[in-house]
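Peer 1: 3D, please:
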Amino acid sequence: MQWNLLYHVQAVPAKRPRTNRWISSSVSENEWDTEVARTGSAAYLVNNAVSPVLFHGALAHIPENAVVVEIGATCLLLSVFKKTLGPKRLCLGLNKKGENDNAKFFMKALGKYVKCASILLFINSEYLHYRPII
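Peer 2: Residues are numbered from 1 along each chain as shown. Take a look at the predicted model:
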């Protein structure tokens, strides 16, 4: 684990306090007051990578009307989130395995978020021009 921590320290050199809205799924609830759990740091990232995922405890703290975004290569847990959290929370994946055009899929997910949040989103049009990688 020590070598992994060294690489993460290079990527995240300074600890930053996390907000109370951050729900950890790698630190058990009775340890949320520890230094590792209270800060976004290299130690937290390493702990997150090597610890079991504690979804049940974390999902119990997600409030109604929340937006849950799964950031992962295939969004395997999106159906679990939707089933567990119910219709009062919006669950979004940013990409989808087997999708031909993940940039378009991402933009659709972003649109669902904007519609749900009732916010006005400005995107510089130069970033909307993309070439799908095949």
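Peer 1: from here on, just use CA atoms for contacts and neighbour counts.
Peer 2: Noted.
Peer 1: now do the contacts for residue 55.
Peer 2: Counting by Cα atoms under 8 Å, 6 or more residues apart in numbering, residue 55 makes contact with residue 25.
Peer 1: how close does it sit to residue 85?
Peer 2: 11 Å (Cα to Cα, to the nearest Å).
Peer 1: pLDDT averaged over whichever helix in the chain runs longest, what's the number?
Peer 2: The longest helix of the chain (DSSP state H) is helix 102-117. Averaging pLDDT along helix 102-117 gives 82.
Peer 1: gap between it and the chain center?
Peer 2: 15 Å (Cα atoms, centre = their mean, to the nearest Å).
Peer 1: helices or strands next to that helix in the packing?
Peer 2: strand 90-93 (3 or more Cα pairs under 8 Å, 6 or more residues apart in numbering; DSSP states H and E).
Peer 1: which residues touch the strand it packs on?
Peer 2: So strand 90-93 is in contact with 65-72, 75, 78, 81-82, 106, 109, 113, 116, going by Cα under 8 Å, 6+ apart.
Peer 1: mind redoing it with 6 Å?
Peer 2: 67, 68, 69, 70, 75 (Cα atoms under 6 Å, 6 or more residues apart in numbering).
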